[in-house]
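K.L.:
Below: sequence and its predicted model.
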Amino acid sequence: MKNKIYSKLIILLALVLCLAACDGAVHLPESVTPVVVTFKITFDGNGATSGTPMDQMVVNAGTTIKLPYNTYVYPDPPHDDKAFEGWALTPDGEVIYEDEADITPENDITLFAKWIASR
């Protein structure tokens, strides 16, 4: 009986000493690299026939960025000249982001250029 009590006291003492030595911080081994979550924003000209293709963006989770200026052109003027209206999440979707809008992505997305007749 005394041995069980002494064993429990020794374990309790060891736990107290371990907790006292711990500064409350989590220490990662040097070989562990924290994982950074990122999301990709891809741009689709949605029928654009000229202009400069837009590079995919990689954004850290929780970061707000400004969308770049649209560089696509829908078709070559003067035929069916259309003006850029904004960005949608589907080719036929509604505009949800204006040109150079702030965005905080929550997953990988493709933004589709939306065009309206300029005449």
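P.N.:
Perfect, I can see it now.

K.L.:
Tell me the buried residues in stretch 108-115?
P.N.:
Neighbour-count burial for stretch 108-115, counted by 16 or more other C-beta atoms under 10 Å, picks out 109-115. Where C-beta positions appear, they are placed from N, C-alpha and C, glycine not excepted.

K.L.:
try stretch 61-77
P.N.:
For stretch 61-77, burial by neighbour count (16+ other C-beta under 10 Å) applies to 67, 70-74.

K.L.:
Now tabulate those in CSV and tack on pLDDT, distance to Ala83 and secondary structure.
P.N.:
Below are the buried residues of stretch 61-77 laid out as CSV (pLDDT from 0 to 100; distance: C-beta to C-beta, whole Å; DSSP: H, G, I helix; E, B strand; the rest coil):
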residue, pLDDT, distance to Ala83, secondary structure
Leu67, 96, 17, coil
Asn70, 94, 10, coil
Thr71, 93, 14, coil
Tyr72, 91, 11, strand
Val73, 88, 10, strand
Tyr74, 83, 8, coil
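
K.L.:
quick check, nearest of those residues to Glu98?
P.N.:
Leu67 (8.3 Å; C-beta to C-beta).
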